[in-house]
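# Just to be clear, the model below is a prediction. Sequence and coordinates:
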Amino acid sequence: MTDPDHLTIVNHPLVQHKLTLMREKDTPTAVFRQLLREISQFLAYEITRNLEMGTKRIETPMEEMDAPTLAGRKLALISILRAGNGLLDGMLELIPSARVGFVGLYRDEETLKPVQYYFKVPEFMDERMVIAVDPMLATGNSSVAAIDLLKQAGATNIRFLCLLAAPEGVARMKEAHPDVPIVTAALDSHLNENGYIVPGLGDAGDRMFGTK
């Protein structure tokens with residue numbers, strides 16, 4: 001763990017072991033996709049640690065009791081397309097009642113700036129905890145743009161979940177959205193001249209979907 005007000009690194013042994021397997025360049029697409037699904041559940045567990053709770057009266061086989069239960073509106077999970085869908089699948093297994101939205105952004109390879117092509121999110125964003133998901137926090141430009149859009153849609157309680165982060169992306173997010181905590185499995189060394197995370201694992205979308 002580090003700086004929990006802004007950046008939390010989930011250094012659980014199973015997370016780190018699975019991440020190592022994902023980093024290896026020869027890991028097959030199907031295995032990569034399954035590992036991402038598995039890691040996403042560990043990350044989701046951490047990022048939902050402080051959900052609002054209430055109680056409800058239930059009857060166990062032994063007696064009645066006031067039992068803890070989630071309170072408030074259902075979570076909104078927002079996938080930053082396309083690679084965010086790999087994290088989304090695993091998170092929905094853990095939180096099947098969550099509402100789901102999508103932000104379509106792609107990175108202009110010359111400017112490294114995000115270009116929006118799709119945006120669809122649940123209603124009542126101002127009343128939900130909103131978790132934006134994208135495997136890679138690299139330059140931070142796409143993530144900042146996505147959070148901008150979510151705030152414009154009314155979201156005020158936002159968290160960001162990623163598999164890998166670069167220091168440059170973390171700094172960019174903290175500058176633009178200091179109120180948005182980040183949960184990740186690893187903080188890597190740096191970005192290369194093409195804006196990719198080093199040592200990283202390559203392009204998460206390409207490795208997840210078997211494209212180049």
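In hand now; what should we look at? As the structure is a prediction and not an experimental result, all values here were calculated from the model.
# pull the longest strand from this structure.
Assignment by DSSP state E gives strand 99-107 as the longest strand of the chain.
# elements contacting that one?
Counting contacts by 3 or more Cβ pairs under 8 Å, 6 or more residues apart in numbering; DSSP states H and E, the secondary-structure elements packed against strand 99-107 are strand 76-81, helix 84-94, strand 114-120, helix 141-152. Backbone N, C-alpha and C define where each C-beta goes, glycine included.
# can you pull out the helices in the protein?
Taking DSSP state H as the test, the helices found in the chain are 13-23, 29-47, 84-94, 141-152, 167-176, 204-209.
# Nearest to residue 58, out of the ones you listed?
Comparing the helices of the chain by their distance to residue 58 (Cβ to Cβ), the top pick is helix 84-94, with 21.7 Å.
# What residues sit buried inside that closest one?
Within helix 84-94, the residues that qualify as buried are 84, 85, 86, 87, 88, 90, 91, 92, counting by 16 or more other Cβ atoms under 10 Å.
# Residues in contact with the longest strand of the chain: which ones?
With Cβ atoms under 8 Å, 6 or more residues apart in numbering as the test, strand 99-107 has contacts from 74-81, 84, 88, 92, 113-122, 128, 132, 139, 141-142, 145-146, 149-150, 195.
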